[in-house]
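> I'll drop the sequence and a predicted model, then ask my questions.
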Amino acid sequence: MAAVVLCWTLLTVGFLGSASEAPDLEESGLAANDTQVRENIIAHSGEKVTLQCQSPVDEDFKVLEWSRSDHEELIYVFLYRDGQFDPENQHPSFENRVELKDKQMKNGDMSLILRNVTINDTGTYECRVNQKASRTVLGTDPIKVINLEVNNNGQDLGPKVWQNITEVRENITAHSGDKVTLQCQSPVDKDFKVLEWSRSDHEELIYVFLYRDGQFDPEKQHPSFKDRVELEDKQMKNGNVSLILSSVTINDTGTYECRIDQRASATFIRTNLIKVINLEVTNNVVQNVSAYSGDNVMLPCQHKFNESMVLEWSRSDHEKPVYVFLYRDENFTSDCQHPSFKDRVKLKDKQMKDGDLSLILNNVTTNDTGTYECRVDHKVSRSYLRTDPIKVINLEVTNIERKNITAHSGENVRLQCQSPVDKDVKVLEWSRSDHEELIYVFLYQDGKFEPEKQHPSFKDRVELEDKQMKNGNVSLILSSVTINDTGTYECRIDQRASATFLRTNLIKVINLEVTNNGQVLGPEFWQNIIGGQRDGKVQEYVGLMLYQIVFLLFLLL
């Protein structure tokens, strides 16, 4: 059948000599008395249509051609030859919209699936096969002719219940992080068997939400929508099949289609399109971020990015531009970075996957308070960027409260801490920061105390002063302190409920010093004792202690 392609070309330019060169159909392997089958199909705009075709021969064929015959010029819908699909000869209008129903074409099944049809697809489709891999075959008769009619008003869709369905289109704009409702209303009162929400702006079909056989089908759902979508009404009462999409990002920008069907089928081709939504997600341009000195702060920014782009993070609250971070020519450029940010900034994701251009600013101080702008541009230039910012962040850094406490061994100590917010605290962390490893004194998250994370030395010795943490009181009571409790304690809170948090907000630092018998024994002294380093001072003190013990025993005796 590859020969058919070439022969049409040869006829156009006049290279065929005579009709005597036309092939014998019997030589092609197709019986001369094969009768072509005609079929009429009516579909609705946006549907998937199966163009049925069955090879009349059992042997393997070399060429399969699906074409449109209702145009002056030959239009190839799908061409298979030399053991593979030939995309070069396919008409552009069918690119990424057609595929074989069975890629192995077992038992001669050459049916074609045409996706997302429009009224422009209305026409005559012909299916041809040939057993010769010859480029000089001309005039083989089609074994299947299909007249496809695509309408845009829902007429002639079979059951009367689907007549007069009008495809509704809607445009929605949202900000990143928003919760969006994709409205869709079933036009029928009867229970439907299949509900499909999908993205149609990708080469491959992406399922956002698929309901069939009485239940949600998570296996078909694209991973990017996992745990982010739910029906507005789980019972879908009165035909409400609207979908709620949570925490949207710019990657959710695209075309969403709502389809339903009353036929229960594991594989469905012609679900009825009833709603098309064009969703556009934009970044919140201006955002306020508060932090405490010493915190690590994330400056969020989201935008589609490729290696040819330039990324600039800068401070705009100075007379001259202050560059925080500059990425161009596929590399970080340190020459332009202001010295105050040296070794303190890094991308949240070095690969900037999914357009994540967020920046991590470490160990902030009050000097970092100011306005930060995120810009991108496609042009790589030696001149610095002055494009409009896609994100503006007002960062405010305040100093944390520090306090020194001295206590005696055996006492109960109150580690005072006050939340600066009135809202409920989702995460409360009390920790020791004077160790190489993080030591949790007390950890509260997801509405409960986490004993598994607590260091064993604090087991059964700490409790909140107010278990309800009313009015932001997150103070801690540490009982029966010992000299080993001497150290630095940090109080941190966060309003985000997360099992793993990058950096909760530091609001209080307490230096606790525990003395023994009223004598202050510093950390270095006890480290020497614990570590077994017996210097002269230690030996002198131990000797004095032994002398006192012997003297007391002598008096008692």
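In hand now; what should we look at?
> Let me see the ranges of the strands in the stretch 151-300 of the chain.
Using DSSP state E, counting those that start in this stretch, the strands of the stretch 151-300 of the chain run over 168-175, 180-182, 194-199, 206-212, 215-216, 229-231, 243-245, 254-261, 272-282, 286-292, 297-299.
> Run the angle between the fourth one and strand 194-199 for me.
Spelled out, it's strand 206-212. With axes from the mean of the first three to the mean of the last three Cα atoms, to 10 degrees applied, the angle from strand 206-212 to strand 194-199 works out at 170 degrees.
> Turn the strands of the stretch 151-300 of the chain into JSON lines, columns for mean pLDDT and mean neighbour count.
Quick note: C-beta positions are derived from backbone N, CA and C, even for glycine. Output for those, formatted as JSON lines (pLDDT from 0 to 100; neighbours: other Cβ atoms under 10 Å):
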{"stretch": "strand 168-175", "mean pLDDT": "86", "mean neighbour count": "13"}
{"stretch": "strand 180-182", "mean pLDDT": "95", "mean neighbour count": "18"}
{"stretch": "strand 194-199", "mean pLDDT": "93", "mean neighbour count": "22"}
{"stretch": "strand 206-212", "mean pLDDT": "93", "mean neighbour count": "20"}
{"stretch": "strand 215-216", "mean pLDDT": "90", "mean neighbour count": "12"}
{"stretch": "strand 229-231", "mean pLDDT": "95", "mean neighbour count": "15"}
{"stretch": "strand 243-245", "mean pLDDT": "96", "mean neighbour count": "19"}
{"stretch": "strand 254-261", "mean pLDDT": "90", "mean neighbour count": "22"}
{"stretch": "strand 272-282", "mean pLDDT": "88", "mean neighbour count": "19"}
{"stretch": "strand 286-292", "mean pLDDT": "84", "mean neighbour count": "16"}
{"stretch": "strand 297-299", "mean pLDDT": "94", "mean neighbour count": "20"}
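> possible to save the ones you listed as JSON lines with distance to S314?
Shown next, in JSON lines, are the strands of the stretch 151-300 of the chain (distance: least, Cβ to Cβ, whole Å):
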{"stretch": "strand 168-175", "distance to S314": "23"}
{"stretch": "strand 180-182", "distance to S314": "31"}
{"stretch": "strand 194-199", "distance to S314": "35"}
{"stretch": "strand 206-212", "distance to S314": "36"}
{"stretch": "strand 215-216", "distance to S314": "46"}
{"stretch": "strand 229-231", "distance to S314": "37"}
{"stretch": "strand 243-245", "distance to S314": "33"}
{"stretch": "strand 254-261", "distance to S314": "31"}
{"stretch": "strand 272-282", "distance to S314": "21"}
{"stretch": "strand 286-292", "distance to S314": "15"}
{"stretch": "strand 297-299", "distance to S314": "11"}
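> Can you tell me which of those strands is nearest to K103?
Set against K103 and scored by Cβ to Cβ, the strands of the stretch 151-300 of the chain come closest in strand 206-212, at 20.2 Å.
> In space, not sequence, find me the middle residue of the chain.
The residue lying closest to the centre of the chain (Cα atoms, centre = their mean) is S224, at 4.6 Å.
> Next, find the distance separating that one from D201.
As defined by Cβ to Cβ, to the nearest Å, S224 lies at a distance of 13 Å from D201.
> Understood, closing this out.
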